[in-house]
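> Sequence and predicted structure are below.
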Amino acid sequence: MAVIRSLPAAFLVTLVIATSANANAPASLPTPTPALATPAPAAATRATAPVPAPPAVTARSWILMDHFSGRVLAQQRPDERQEPASLTKLMTAYVVFAALADGRLKLTDMATISEHAWRAEGSRTFVQVGTRIPVDTLLKGMIVQSGNDATIALAEQVGGTEPAFAQMMNEYARRLGMQSTHYENADGLPSPGHYTTAHDTATLSSAIIREFPQYYPLFSLRDFLWNNIRQENRNGLLGRDPSVDGLKTGHTDSAGYCLAVSANRSGMRLVSVVLGAQSQKAREEASEALLNYGYTFFETIRIKAAHEVVLKPRVYKSATEFVPLAVPYDVYATLARGAAGSLRTSARISHEPLIAPLAAGQAVGEFTAADASGEVIAHVPLAPAAAVPEAGLWTRMTDSIALWFH
C-alpha cells in the first residue's frame, strides 16, 4: 500500500514537501485553516473509490513516486541494491548540469576527446579521438544516444579525470540523501562497487526535474544526429505516451533492462523506476502500468503556497508584538482520488513562548496535514519570513515581567 518516504534534509522537509521551481505544479485548492480541520462527513468518505493493489510488475525492483509531494505510491524492493547500467548517466547529467548552473562550465565550451573516452565500450556517439566537441553536443550524445564515449568526455571536462568525476558523483549522491548508491564510473558499465536502488534513482530523477528545469527538456529528445549517424532515444514511451517527457534507459547483461520515467498529466507529475526487467518491452510495459495506476487512483494538491503565512503568534522582547510564521516552500499532498475533502491540517509552535531575536528562516513551529486515517502526509517547518530583532531595554524589561505570568 502507499508509503510516505522522507526527502533529503537539504530541502528542509521532514516527510512531504516540494519546491515551486517547476512551472507545471498542480493548481492549488482553497487553503485549509491552520487549525485541525473537521473530519469529512461519511458521505464524502463513501464517495472515495477504494485503491486496489499496484499492478504486478516483473522486475527485480521498482518504485512509483509523486514528484511534488514525494509520496511513494507503489514499490517492490525499492532499497535493494541493483546495477544501474546507463541510469548512471542521470547522475553524470546532474553533475554536469550543476557545473553549468554554477558557471563553471558552458554549453559552448569545447571538450577534447581523449583516447580513454574514444575507446569506451558499449553504446557510442562515435566521437573521434583528438577532436574538440561542444559540451551541448556531448550532452545530447549522452542523454539521447546513451553514448559512453560522450559521457566519459563530459566527465573528464568537468572532473579532470573519470575517477575524480566519480568522487563528485558520490558527493552529490550523499547531499541528495541517496544512502544506498555508490558510483565508480560515469557511464554505468559493470563494476563491483557500482550500485544504486530504485528509490535512490527516483530521488535523483526528481531532483533533476526540480533543480534543472532549463536542461530537463534534453531528456525528451526523440533522436540525435552526430557524425552523420542518427540514433533514436531508447525510451520507447516518449513515442507512445504524450505525457512522458523523460528520463533514461539502461541495459547490460548483468543489470537487465532498466528505465526511469517521468510523466506529467494535468499538472500531476509522477516518477517511476524499473530495475532488472527481462526485456525492453517488459520495462516499458511495467513503467506504463505503474504510471496509469498512479494517475487513475491518486491526485496531488497544493495545500500551502511557498511563504504563505500560517500562524501569527505572540513574540516577547521584540518591538513587534506578533510574528508571521510561514512555510518555506509549496506544500503538496498526494491522496486517493476524491479524498481531498478529508484532509486535515494543523499548526503549532515547537517551543513557547517565542522570544526575540529570531532569525529569518529559523524553524520555530510545524505545519502538518493528515489524511482521513490520521496518517501524516505532510510535515514542514514554520519560520519567520523576516528576522525579528530584539526590542529596546524598556520593552525587554516589561516583557520579562510578563513572562513570569506566562
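Now that the structure is in, tell me what you want to look at. Numbering: from 1, shown residues only.
> Number of residues surrounding Arg230?
10 (other CB atoms under 10 Å). C-beta coordinates here come from the backbone N, C-alpha and C atoms, glycine included.
> just checking, what's the longest helix in this protein?
Criterion DSSP state H: the longest helix present in the chain is helix 280-297.
> So which elements touch whatever helix or strand comes next after that one?
Downstream of helix 280-297, the first helix or strand assigned by DSSP states H and E is strand 298-304. Helices and strands touching strand 298-304, by 3 or more CB pairs under 8 Å, 6 or more residues apart in numbering; DSSP states H and E, are strand 331-336.
> on that earlier part again, so the longest helix of the chain versus strand 331-336, what angle?
If you take axes from the mean of the first three to the mean of the last three CA atoms, to 10 degrees, helix 280-297 sits at 100 degrees to strand 331-336.
> Can you give me the buried ones in helix 280-297?
282-291, 293-295, 297 (16 or more other CB atoms under 10 Å).
> so where is the protein shaky, pLDDT-wise?
1-47, 391, 395-396, 399, 402-403, 406 (pLDDT under 70).
> change it to 50
Along the chain, segments meeting pLDDT under 50 span 1-45.
> where's the residue most central in space within the chain relative to Thr398, distance?
Centroid-nearest residue in the chain: Ser206, 2.6 Å away (criterion: CA atoms, centre = their mean). From Ser206 across to Thr398, the span is 50 Å (CB to CB, to the nearest Å).
> Listing partners with orientation, what would you give for the helix or strand hosting Gly246?
Assigned by DSSP H and E, Gly246 falls within strand 244-252. Sheet pairing here is set by DSSP bridges, and for strand 244-252 it gives strand 256-265 (antiparallel).
> next structured bit after the strand it pairs with?
Following strand 256-265 in sequence order, the next helix or strand is strand 268-277 (DSSP H and E).
> Paired strands for that following strand, with orientation please.
Strand partners for strand 268-277, identified by DSSP bridges, are recorded as strand 61-66 (antiparallel), strand 256-265 (antiparallel).
> Near the closest residue in space to Ala173 that isn't next to it in sequence, how many other residues are there?
Closest residue to Ala173 apart from its sequence neighbours, by CB to CB, 6 or more residues apart in numbering: Thr181 at 4.8 Å. Thr181 is flanked by 24 other residues according to other CB under 10 Å.
> Check whether Thr181 really touches Thr196, as I assumed.
Yes: at 4.2 Å, Thr181 and Thr196 qualify as touching, with contact defined as CB atoms under 8 Å.
> Can you check which residues contact both of the two?
Residues within reach of Thr181 and of Thr196 at once, by CB atoms under 8 Å, 6 or more residues apart in numbering: there are none.
> Need the three-state assignment for Arg174.
Here Arg174 is helix, with the state taken from DSSP: H, G, I helix; E, B strand; the rest coil.
> As CSV, could you dump the C-alpha coordinates of the strand holding Gly246?
Provided in CSV are the C-alpha atoms of strand 244-252 (Å, rounded to 0.1, in the frame of the first residue of the first chain):
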residue,chain,number,x,y,z
VAL,A,244,6.0,11.1,-20.8
ASP,A,245,8.9,13.6,-21.2
GLY,A,246,12.0,11.7,-19.8
LEU,A,247,14.2,10.3,-18.3
LYS,A,248,16.7,7.5,-19.2
THR,A,249,17.1,3.8,-20.1
GLY,A,250,19.8,1.4,-19.1
HIS,A,251,20.9,-2.1,-20.0
THR,A,252,23.7,-4.6,-19.5
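> Now do it: distance to the chain's middle.
16 Å (CA atoms, centre = their mean, to the nearest Å).
> again with stretch 103-117
In this view, stretch 103-117 has its centroid 27 Å away from the chain centroid, taken as CA atoms, centre = their mean.
> same thing with stretch 338-345?
24 Å.
> Just give me the closest of the buried residues of helix 280-297 to Leu259.
Leu259 lies nearest to Arg283 out of the buried residues of helix 280-297, by CB to CB, at 4.3 Å.
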